[in-house]
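[1] One predicted model, sequence on top.
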Amino acid sequence: MLITSKVSKIQGKIKVPGDKSISHRAIMLASISEGKSVIDGFLFGEDCLSTVSCFRKLGISININEGQIEVEGKGLYGLSEPEDILDAGNSGTTMRLMTGILAGQSFLSIITGDDSLRKRPMERIALPLRKMGASINGRKGGKLAPVVIEGKNLEGIEYILPVSSAQIKSAVLLAGLYADGETTVEEDVQSRDHTEKMLEFFGAKITKDNNRVTVSPSVLKAQNITVPGDISSAAFFMAAAAAIPGSYLIIEGVGINQTRSGIIDVLTEMGAKIQVENIKHSGGEEIGDIHIEGVNLKGVNISKAIIPRLIDEIPVLAVIAAKAEGITRITGAEELKVKETNRISTMVSEMKKVGIEVNELPDGMEIIGGSKINGGTVESHGDHRVAMAMAICGLLADEPIKILGNECIDISFPDFENILKSVCSY
Ligand SMILES: O=C(O)C1=C[C@@H](OP(=O)(O)O)[C@@H](O)[C@H](O)C1
Ligand SMILES: C=C(OP(=O)(O)O)C(=O)O
């Protein structure tokens, strides 16, 4: 159980742990590249550790030494048939991206996950991978995990994504490494582009044209990677600082890739003062120190075109919208329904429990700003982003908020509580 209570301000200088999306991809690409890669700044959260454990079961040696990871890559065709079922735990990224890689192997693999992941849609990756020639099965005709992958000779395809999703795009691009000919994916609104950036960094032949990415079969060479801080983790502190006038927070070394930085745009539109300083580049990614000053926020509209750039940040944005002046309307966010929980209905129900006026919409929600936030007991429903968003809610509430099921925070942010304590002034 975690209890958070009203603060007078948020202040300090912090670092957040490594980016989850980039940490997964670093293990994956290092495993299928030739030679030893060293990864610094890796996120030791449960999701990324699931990826490590799956690649170990595929015969890759991965050593963890004082926070640094060494991966002995065996090249595109160096993985070996796992003796047992692979377990992606709670991690959609692990399951979907690995399925893309496993589709090009000459062996059978089965990948499962926890209760939440076994309910999440897998047909979205099975369809394009089957078009490439892979045999992908699973429960309900391949709609649900466990996913059974029989690697085949693959053909390149041109695929228009039915929804903007980096996980679908990445599964197809990774399978494209093993295909005859080029593989192209196109999406309406661009989703996070870490896979294409990291593939280029490992030496793959990638071409990009607006929202279209093409990969050609390529040999990957080992690289050393430093993972930037995760903007999706930073978001909880950014949002809290932005919503509490008098706060001033610096978060150092955060990944500010423009396909992920929608939270900066929205908080700025809500009135917060945000500056990004000390900008650097590493491994194809942009990194900076984020400075945030809190103010009285205003409600905004958050709609389809920006959703992929802040999809995981919506739970915490919904919480601080309750303190803003006016209404915040979030639309075009149907994808929230297929995350660790249905994040629209889960957030609406938990926010209502503490007195926030919020209406569920078919594709989002509407939060009536300026409502009084009461104390109370809420539940994470096993969803790490819900648990952390509701912990931030407690900082804004009149009475303490008790969050049940907070252990799921370890999925993406094991040090969340300590860092939170370090920035709270009462
Ligand atoms: O590719 C990734 O690393 C991720 C992509 C997003 O999911 P979708 O691709 O399903 O939108 C995001 O919500 C998830 O936390 C991580
Ligand atoms: C949706 C998330 O992750 P995944 O899809 O990898 O489970 C998340 O971290 O919010």
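    Alright, I've got the coordinates. Small disclaimer: the values here were computed from a predicted structure and weren't measured. Ligands and ions are numbered 1, 2, ... in the order given.

[2] List the contacts of the closest residue in space to Lys205 that isn't next to it in sequence.
    What sits nearest to Lys205 in space, not counting adjacent residues and going by C-beta to C-beta, 6 or more residues apart in numbering, is Ser216, at 4.2 Å. Quick note: C-beta positions are derived from backbone N, CA and C, even for glycine. Contacts of Ser216 were listed using C-beta atoms under 8 Å, 6 or more residues apart in numbering, and they are Gly176, Gly181, Glu182, Thr183, Ala204, Lys205.

[3] Kindly write the ChimeraX command that selects the buried subset of the residues you listed.
    Buried members of these, defined by 16 or more other C-beta atoms under 10 Å, are picked up in ChimeraX with:
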select :176,183,204
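
[4] Among the contacts of Ser216, name the ones in strands.
    Counting by DSSP state E, the members of these that fall within strands are Thr183, Lys205.

[5] Check the contacts of Ser216 and tell me the two furthest apart.
    In those, the most distant members under the criterion C-beta to C-beta are Gly181 and Ala204, with 14.6 Å between them.

[6] Just give the number of residues close to the closest residue to ligand 2 within the chain.
    Of the chain, the residue with the smallest distance to ligand 2, taken as C-beta to the nearest ligand atom, is Gly92 at 2.8 Å. Residues contacting Gly92 under the criterion other C-beta atoms under 10 Å number 21.

[7] again, but for the one 3 residues further on
    Met95 is surrounded by 29 other residues when neighbours are defined as other C-beta under 10 Å.

[8] That one looks like it's in a helix, true?
    Yes: with DSSP: H, G, I helix; E, B strand; the rest coil as the criterion, Met95 is located in a helix.

[9] wait, it sits on Gly113?
    Yes: Met95 is within contact range of Gly113, at 5.7 Å (criterion: C-beta atoms under 8 Å).

[10] Quickly list what's touching both of the two.
    Contact criterion C-beta under 8 Å, 6+ apart; residues bridging Met95 and Gly113 by contacting each: Ala88, Ala145.

[11] Please name the nearest non-neighbouring residue to Pro400.
    Spatially, and ignoring its direct neighbours in sequence, Pro400 is nearest to Ser5 (4.0 Å; C-beta to C-beta, 6+ apart).

[12] surely that neighbour meets Leu396?
    No: shown here, Ser5 and Leu396 do not form a contact pair, counting by C-beta under 8 Å, at 10.0 Å.

[13] who's more crowded, the two?
    For Ser5 versus Leu396, neighbours defined as other C-beta under 10 Å are more numerous around Leu396 (22 against 16).

[14] Any chance of the backbone angles for the more buried one?
    When quoted as degrees, to the nearest 10, the phi and psi of Leu396 stand at phi -100, psi -10.
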